[in-house]
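# Need a 3D model of the following:
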Amino acid sequence: MKTTLIALTVLLSTQAFALTPPSAAVTSVQIDGSGCDAGSANAIVTSDLNYLSVLYDRFSVELGKGTANPGDSNDEKNCTIVVNVNVPHGWAFDFDQVDYRGYVEVSNAGALGYQFVKAEISGGASFGFEQKLFKGPIRQNYVITAKNQAPGILGSLGGIGKIGAAAACLSGDQNIRVKIKSQIGVKSLIKFLKPTARLVIDSTDASFGPRLKFNWKRCGI
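Numbers count the residues shown, from 1 in each chain. I've put the predicted structure just below:
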């Protein structure tokens, strides 16, 4: 079930935030998926629209002895975050990167863990993709980052001649959708060993502009 976690409009003072438009709105943040069902995730957007963070209660997978799936050979979950932003006429922003923070534990070489992250801007244009494989034995915290691989082409909504800039700058207010999809899993490679494997996602930090930030700009500047 898709759950709308945030529905808000933020009016911003040009005196307080010189590089932020006088009005902007994050109209909703929606979270949906087998790893982030209703009530198990919480999205936070700061009042100045600079930071988005999602915290999870149950975005995790596991298998092997001592887990909830002792006899399974694989466990997989997914989560999709959709951020809807109203961009005022004459303004645009860059979406720079997405960071996922987690913990992985794989007891031996008979199993592995993995995570895939994909981010899209309005219309389904993919601007960032990253994947990580964790081969056992391993036990560590980690960060996986999906960056804008084509600045100004797929990821940017600002600047003359860039895809999306004309719509954002010339056609009045625009509703921009940012979609972030993640899939995690653990898999047993040698079943008779029954290795233990866990992968837990703690948080997602969405980067709008340099490092977790909306990078607002006036069109043409």
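
# Give the next helix or strand downstream of the worst-scoring helix or strand of the chain on mean pLDDT.
The weakest-scoring helix or strand in the chain, judged by mean pLDDT, DSSP states H and E, is strand 10-11 (a mean of 34). On the C-terminal side of strand 10-11, the closest following helix or strand by DSSP states H and E is strand 23-32.

# How about Ser112: what's its closest non-neighbour residue?
For the record, residue 112 is Leu, not Ser. In space, and not counting its chain neighbours, Leu112 is closest to Lys135: 5.1 Å by CB to CB, 6 or more residues apart in numbering. C-beta here means a position set from N, CA and C on the backbone, and glycine is covered the same way.

# give me the number of residues near that neighbour?
The tally of other residues near Lys135 (other CB atoms under 10 Å) stands at 13.

# Next, the contact list for it, please.
Counting by CB atoms under 8 Å, 6 or more residues apart in numbering, Lys135 touches 106, 109, 112.

# The second one against Phe134, yeah?
Read that as Ala109. No: in this structure, Ala109 is not within contact of Phe134 by CB atoms under 8 Å, at 11.5 Å.

# higher neighbour count, the two?
Shown here are Ala109 and Phe134; by other CB under 10 Å, Phe134 has more neighbours (20 against 14).

# and the gap between Gln183 and Asp32?
Look at Gln183 and Asp32: by CB to CB, to the nearest Å, they are 13 Å apart.

# Same question for Val186.
Taking CB to CB as the measure, Val186 falls 22 Å from Asp32.
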